[in-house]
Structures are given as C-alpha cells and as structure tokens.
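Undergrad: this is a predicted model, with the sequence first.
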Amino acid sequence: MANPGLEKWIRPAIDALPSKRKLLLGFLLLLGFLVVATPLFNKWMYPLDYEEQILYSSNATGADPFLVMAIIRVESKFNPEVESHAGAQGLMQLTPNTVDWVVERGRFSPAFKESVHDPAINIHMGSWYIAGLIREFHGNEIAAIAAYNAGPGNVRKWMDEGRWDGTKQNITQIPFGETRHYIQRVTFFHERYSQLYSHLTNQRNSYTLPH
C-alpha cells in the first residue's frame, strides 16, 4: 500500500513540473545554444592569428599548417614580441643559431636575420625548419617536435644510443623534462587546431605572402 505521507510530498513536485511540450522546447533551445556556443568557446580557448602567413608558408615549405599553429601557440601564444632568455625570438621562437642555420641551408636572404620578429618572416623560417626536421627524422613527427625544442643533435644522440625510441608512447625515456612536456603540449594543440580549423586548408593554395 502506498505511503500517504510520502505521496503528499511527491505529488506537488510532479504537478509542478513543466509540460512535456515545455520540456521539449527547453531541450531544443539548450541544444541550439550548445551548437552555437561550443564552437565559439573552442575558438576562444584555441585562438588563431596570422593564418594567411601560416597557410602560405606551410604550402611553400611542405609543413603541416596545424603543427605550425600548435608550435606557435606553445612557443609564443601568437605574440610576435616574445623573446626568451636564450635569445629565441618571434612567433616560433627561433634562436640566433637556428636562424643562421635556416638562412644558410634554406638559401634565404641574409636580410631575414634582421627581420626575425616580422611574423611573415618568422613563420616562413620556422615552417621551413620544422618541415626539414621531419624529413631529417624520416617522417617521425614526434622526434622532429622534440628536436625543435631540444635540438636535433640531442635527439639523434638519444635515439642512436637507444635512450629513446622516438615514440610518443615512450617519451618518459627522454632525459629532458622540458622536452617531454613540450611534446605533450604541441601534440595536444596540434589535435585541437586540426579539429577547429581544418576548413582553412581548402584555402591554402589561394594565399600569397603578405607584404
């Protein structure tokens, strides 16, 4: 037999619920809000600047544009004025030694050395560099990301000596904690930018280097 005292409290609560039609309308409104708000929230969380320069340089150098975006996010958060204590400069935080190496090997104009803070120049050199690292490590993107942070000499040494096998699964083998963390962050942002901005790759071939 039902408990009269319990029913006394439950019945008013049930009666106070909105009708099924109101519940359905409320659900649809909430769903519509989420459809609109979620992409906006994601793009606020993972902002993108200099997409024209990134797409142009990626197309010209063969770099993955979303990897370039991820590196810029981790290195400078899209602030071209950042300079590290080691002298790394610009959006992709290129050190003087890296700039010299890229200009020489990439046969870029020596004037690039004086324009490393310029977003277009910095992105172009950084894109060429990361694309070259991926080729150097035979398509191993994880090893290339590690080399971007720790230097290709260190990464080759770790792999040649068997200290690291070059995989993300075994990044705990990497001696440098900073490099382990760097790989995790870059690959995380690579995935997010690939998901959010994949539509931009349809426009890659239409861009020219901004002046």
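TA: Noted; the coordinates are in hand. Numbering: from 1, shown residues only.
Undergrad: nearest residue to the middle of the protein?
TA: A70 (2.1 Å; CA atoms, centre = their mean).
Undergrad: now the host helix or strand of that one: how far from the chain's centre is it?
TA: Element membership for A70 (DSSP states H and E) is helix 65-76. Centroid displacement of helix 65-76 relative to its chain, using CA atoms, centre = their mean, to the nearest Å, is 5 Å.
Undergrad: contacting residues around it?
TA: Helix 65-76 is contacted from outside by 46, 48, 50, 54-55, 57-59, 78, 82, 88, 90-93, 123, 126-127, 130, 141, 145, 148, 182, 185-190, 192-194, 197-198, 200-201, 204, using CB atoms under 8 Å, 6 or more residues apart in numbering. (Glycine included, C-beta is placed from N, CA and C.)
Undergrad: show me which residues of it are buried.
TA: Going by neighbour count (16 or more other CB atoms under 10 Å), the buried part of helix 65-76 is 65-76.
Undergrad: how far away is the residue lying closest to N140 once chain neighbours are set aside from F137?
TA: By the measure of CB to CB, 6 or more residues apart in numbering, the closest residue to N140 outside its immediate chain neighbours is G166, 5.2 Å from it. Distance, G166 to F137, by CB to CB, to the nearest Å: 7 Å.
Undergrad: overlap in contacts of these two?
TA: Listed as contacting both G166 and F137 by CB under 8 Å, 6+ apart are 143, 155.
Undergrad: how about A147, nearest residue that isn't a chain neighbour?
TA: V155 (4.4 Å).
Undergrad: mind giving me the packing neighbours of the helix or strand hosting the one you found?
TA: For V155, the enclosing helix or strand under DSSP H and E is helix 152-160. With contacts taken as 3 or more CB pairs under 8 Å, 6 or more residues apart in numbering; DSSP states H and E, helix 152-160 sits against helix 141-150.
Undergrad: I145 is in contact with the residue nearest to A147, correct?
TA: No. Taking contacts as CB atoms under 8 Å, V155 lies outside contact range of I145: 9.5 Å.
Undergrad: shaky segments in this protein?
TA: 1-44, 203-211 (pLDDT under 70).
Undergrad: returning to what we had before: how far away is the residue nearest to A147 from I130?
TA: When V155 is compared with I130 (using CB to CB), they lie 13 Å apart.
Undergrad: just checking, Y197 touches L48?
TA: Yes. Counting by CB under 8 Å, L48 is a contact partner of Y197 at 6.0 Å.
Undergrad: quick one, which of the two is more surrounded?
TA: Per other CB atoms under 10 Å, whichever of Y197 and L48 has more neighbours is Y197, with 18 against 15.
Undergrad: how many residues are close by T187?
TA: So T187, with other CB under 10 Å, has 18 neighbours.
Undergrad: so which helix or strand takes in it?
TA: With DSSP H and E as criterion, T187 is part of helix 177-196.
Undergrad: packing partners for that helix?
TA: Using 3+ CB pairs under 8 Å, 6+ apart, helix 177-196 sits against helix 20-45, helix 65-76, helix 141-150.
Undergrad: tell me which helix or strand comes right after the helix holding A70.
TA: helix 96-106.
Undergrad: quick check, distance from that following helix to the centre of its chain.
TA: Distance, centroid of helix 96-106 to centroid of chain: 24 Å (CA atoms, centre = their mean).
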